[in-house]
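Colleague: My questions concern the predicted model and sequence given below.
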Amino acid sequence: MPLELRYGLSYNGGGGDYGEDMPSGWVKYDEGVEGYFAAGKKIAKWGHQFDFDFMKLNLSNFLLKTSWLDMHTGLNYRSANLFFPDTIPMSNWGAVNPNWNINRKFSPKISEFSLSHALVFQWFEKFYFNARYTWGLARTKFYYSSNSEAVDETPVGWGPSTAYAFGVRFIFDAEKQYRFAVGLDLKHSYVKIKHIDDPGDFTPIASFNLQDYGIYLTLAVFYGGELTVGDNAKEYYYRGDFIEAKKIFKKFVEQNPSHSNLYRAKSYLELCNEKIPYQLFKEGMQFENNGMTDKAVEKYLASLRNADSTLAVEINAHLYRIASLRLQDAELLMSRGKHDEALALVQKTALFSDRARKEIPRFEALQSLANGKTAMKYRFYDKALQLFNNALLKYPPLKREINAYRYQIATMMVEDIDQIRDASEIRLAVIGLEEAKQLSGGIGPANEKIYQVLKNRLDILEQLTIRYGIDKRMEEERMRRARLKDATIRIGMTIPQVMDIIGEPVEIIHKQSLKGKDSQLWLYPMHKDRNLELSFLDYRLFKIE
């Protein structure tokens, strides 16, 4: 509910080349009066006005609970007067009627009541534009007595009036419940005094029209009309923070489905969607220039998701440059022995670079190769050979280098032949030499000798392994038979107790009793083709045969 006060300067005119004169026909007289009164000199046409609007409401919102228009309707009162009124040429008029020959000045003092309509255009939080139209009824006294220094009570006239104004308001104290604004207005008023009440017959003026143009200082106070989320969104928008503006505009649309500015909020949303990729791209460049490439990549990728074709080319160029620098850094780390760091850097770069994605197998192979060399150094031959095999699977071009390390491991195995007890290590070395022999057609006399030594050693270890396995199984069987011979089994024992004494049976026959209980028959081999039979009912031993 706004209240506006205006005070300003005005000039009566509307005729002539520049509007500084009174228009022809602006005043009409009784019959018999001749001549033309131009309302005095130019200085006599300057005046001042005061008006204020009150009881103004947004009728769309008040009556329909919607805001199709930000239009305020209310009442207006205006008061206008001249600074230096000029004397009326009464002598000419006195020849027609002696009552008209009095010493008076033309000084219309206007009091006007109107209905006021104002359209508010607010695109920014701190100021808005105001277009206003009023129409109503004006009453004026227009004879001024120099002797009494007052306006005569008669004659008096009245008639319709209209006014147009356009101005700007600047808002301050925006965070308080009451909001205040100050601004300037340009205004044009038109008053048509059609009726003159002159009981003393003091004037021949039958009617007159007044046009004035003025500039006004405006003070306004608002109660209600608090800032909407849309106002905050526009502030972010014009700051260039389109991401935050989009969030708030979206909230505004959801909260105000019938607001008069809904279509503008939606248009702002579309503009935000177009501008956000550019905002993210600029932020990415700032991070990149400051050496914060991780954050730069994050912004570039976010921008790329909704970027147009032109911007996408720019973004991809920056991502390609960052990827190239990172791959160079990864190569440098690898050369310094920091294989894990190098691989991690390539994997991180692969999230946005196809080049880095294709390089991952090579760096993984180089990491396995480096770890294999370390295992070989400490004579963990099995582990080293496994790592070399993994490297070869991931990146076959390393085969020549890996075969060289296999030969080296084979040589080291020959030196440590008496200490090696693990057949799997020797087997891997032998397989590697055999593959090299098949591919190259030969491995040379020295390597052939190494191959034969390792092959013989492998045969010996495998025979020992077989003999050890047979002996182990025989010992287990002997111990089982000894436990069976010395075992004391009693009726009522549970299945786990029986197994602790004589172990697992060679055969278990499951049945189910008439009462639905579990029934089992366990068979243990004895001498002379006889079996020991143990019967369990409900998981407890109840019969021995």
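Modeller: Yes, it's here.
Colleague: Sketch out the low-pLDDT regions of the stretch 101-250 of the chain for me.
Modeller: For the stretch 101-250 of the chain, applying pLDDT under 70 flags the ranges 124-125, 173-178, 222-228, 231.
Colleague: make it 80
Modeller: 101, 122-126, 148, 172-179, 221-232, 234-235 (pLDDT under 80).
Colleague: can you give me the helices in it?
Modeller: For the stretch 101-250 of the chain, the helices defined by DSSP state H, counting those that start in this stretch occupy 229-239, 242-255.
Colleague: Next one: the residue nearest the centre of the chain from P277, what distance?
Modeller: Residue closest to the average C-alpha location in the chain (Cα atoms, centre = their mean): I243, at 4.4 Å. For I243, the distance to P277 equals 10 Å [Cβ to Cβ, to the nearest Å]. Heads up, the C-betas are built off the backbone N, CA and C, glycines and all.
Colleague: For my notes, confirm S10 occurs in a helix.
Modeller: No: judged by DSSP: H, G, I helix; E, B strand; the rest coil, S10 forms no part of a helix; its state is strand.
Colleague: Mind listing the residues bridging to it?
Modeller: G47, G214 (DSSP bridges).
Colleague: what sits against it?
Modeller: S10 makes contacts with 46-49, 80, 187, 189, 212-214, as judged by Cβ atoms under 8 Å, 6 or more residues apart in numbering.
Colleague: now do N58
Modeller: Counting by Cβ under 8 Å, 6+ apart, N58 makes contact with 67, 70-73.
Colleague: Nearest to H195, out of these: which one, please.
Modeller: T73 (27.5 Å; Cβ to Cβ).
Colleague: contacting residues for the closest one?
Modeller: 56-59, 115-118.
Colleague: could you say which helix or strand contains it?
Modeller: Element membership for T73 (DSSP states H and E) is strand 71-82.
Colleague: Within its sheet, name the partner strands of that strand and how each one runs.
Modeller: Using DSSP bridges, the strands paired with strand 71-82 are strand 46-58 (antiparallel), strand 105-121 (antiparallel).
Colleague: I'd like the ones you listed laid out as CSV, including distance to R336.
Modeller: Formatted as CSV, those follow (distance: least, Cβ to Cβ, whole Å):
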stretch, distance to R336
strand 46-58, 72
strand 105-121, 66
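Colleague: do you know which of those lies nearest K348?
Modeller: Closest of the strands paired with strand 71-82 to K348 is strand 105-121, at 51.0 Å (criterion: Cβ to Cβ).
Colleague: any idea where the strands of the stretch 401-545 of the chain begin and end?
Modeller: For the stretch 401-545 of the chain, the strands defined by DSSP state E, counting those that start in this stretch cover 507-512, 518-525, 531-537, 540-544.
Colleague: what angle do the first one and strand 531-537 make?
Modeller: Put plainly, it is strand 507-512. Strand 507-512 and strand 531-537 are oriented at 30 degrees to each other (axes from the mean of the first three to the mean of the last three Cα atoms, to 10 degrees).
Colleague: can you start the count at 79 instead of 1 from here on
Modeller: Understood, numbering begins at 79; the last thing we discussed is strand 585-590.
Colleague: Alpha carbons of strand 585-590, in CSV - could you do that?
Modeller: The C-alpha coordinates for strand 585-590 follow below in CSV (Å, rounded to 0.1, in the frame of the first residue of the first chain):
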residue,chain,number,x,y,z
GLU,A,585,30.6,-93.4,3.0
ILE,A,586,27.5,-92.0,4.6
ILE,A,587,24.0,-93.4,3.9
HIS,A,588,21.1,-91.0,4.8
LYS,A,589,17.7,-92.2,5.7
GLN,A,590,14.7,-90.8,7.5
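Colleague: tell me which strands and helices it is in contact with?
Modeller: strand 596-603 (3 or more Cβ pairs under 8 Å, 6 or more residues apart in numbering; DSSP states H and E).
Colleague: What count of nearby residues applies to the closest residue in space to K589 that isn't next to it in sequence?
Modeller: Of all residues not flanking K589 in the chain, S597 sits nearest, at 4.3 Å (Cβ to Cβ, 6 or more residues apart in numbering). By other Cβ atoms under 10 Å, 17 other residues sit near S597.
Colleague: so L297 sits right up against V260, yeah?
Modeller: Yes: between L297 and V260 there is a contact under Cβ atoms under 8 Å: 5.7 Å.
Colleague: on that earlier part again, kindly reformat the strands of the stretch 479-623 of the chain as a markdown table containing distance to F244 and mean pLDDT.
Modeller: Formatted as a markdown table, the strands of the stretch 479-623 of the chain follow (distance: least, Cβ to Cβ, whole Å; pLDDT from 0 to 100):
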| stretch | distance to F244 | mean pLDDT |
| --- | --- | --- |
| strand 585-590 | 102 | 82 |
| strand 596-603 | 100 | 84 |
| strand 609-615 | 106 | 84 |
| strand 618-622 | 106 | 83 |
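Colleague: among those strands, which is nearest Q425?
Modeller: Q425 lies closest to strand 585-590 among the strands of the stretch 479-623 of the chain, at 53.3 Å (Cβ to Cβ).
Colleague: tilt between that closest one and strand 596-603?
Modeller: Here the directions of strand 585-590 and strand 596-603 differ by 160 degrees (the same axes, to 10 degrees).
Colleague: hmm, who's touching the helix or strand that comes right after the strand holding T151?
Modeller: Counting by DSSP H and E, the element after strand 149-160 in chain order, helix or strand, is strand 164-165. Contacting residues not belonging to strand 164-165 are listed as 117-119, 122, 181-184 [Cβ under 8 Å, 6+ apart].
Colleague: Mind checking which of these are buried?
Modeller: The neighbour count (16 or more other Cβ atoms under 10 Å) marks 117-118, 122, 182-184 as buried among the contacts of strand 164-165.
Colleague: got the residue ranges for the helices in the stretch 329-478 of the chain?
Modeller: In the stretch 329-478 of the chain, the helices defined using DSSP H, counting those that start in this stretch lie at 340-367, 371-382, 387-413, 417-427, 432-455, 459-472, 477-493.
Colleague: Just name the most buried of those helices.
Modeller: Compared across the helices of the stretch 329-478 of the chain, helix 459-472 shows the largest average neighbour count, a mean of 21 (mean count of other Cβ atoms under 10 Å).
Colleague: A428 - how many residues pack around it?
Modeller: Using other Cβ under 10 Å, A428 has 18 neighbouring residues.
Colleague: what's the residue nearest to the centre of the chain in contact with, if anything?
Modeller: Counted by Cβ under 8 Å, 6+ apart, I321 has contacts 350, 354, 357-358.
Colleague: what about K312, how many neighbours?
Modeller: 23.
Colleague: In this structure it contacts A323, no?
Modeller: Yes: look at K312 against A323 with Cβ under 8 Å: they come within range, at 7.4 Å.
Colleague: Can you pull the residues that touch both of these two?
Modeller: Joint contacts of K312 and A323 (Cβ under 8 Å, 6+ apart) are Y346.
Colleague: which among the contacts of S88 gets closest to L83?
Modeller: L83 has its nearest neighbour among those in Q127, at 11.6 Å by Cβ to Cβ.
Colleague: what's around the closest one, how many residues?
Modeller: Residues contacting Q127 under the criterion other Cβ under 10 Å number 21.
Colleague: Isn't it up against Y85?
Modeller: Yes: Q127 lies in contact with Y85 (Cβ under 8 Å); the separation is 7.2 Å.
Colleague: Name all residues that sit in contact with the two at the same time.
Modeller: With Cβ under 8 Å, 6+ apart, Q127 and Y85 have common neighbours Y294.
Colleague: residue contacts, Q333?
Modeller: Neighbours of Q333 in contact, by Cβ under 8 Å, 6+ apart: V307.
Colleague: Next one, pLDDT for M557 please.
Modeller: pLDDT, M557: 72.
Colleague: Leaving out sequence neighbours, find the closest residue to A448.
Modeller: Nearest non-adjacent residue to A448, counting by Cβ to Cβ, 6+ apart: H417, 4.7 Å away.
Colleague: quick one: average pLDDT of stretch 344-364?
Modeller: Averaging pLDDT along stretch 344-364 yields 92.
Colleague: neighbouring contacts of it?
Modeller: Contacts of stretch 344-364 with the rest of the structure, by Cβ under 8 Å, 6+ apart, involve 311-312, 315, 318-321, 323-324, 327-328, 331, 373-378, 380-386, 389, 392-393, 396.
Colleague: Perfect, that will be all.
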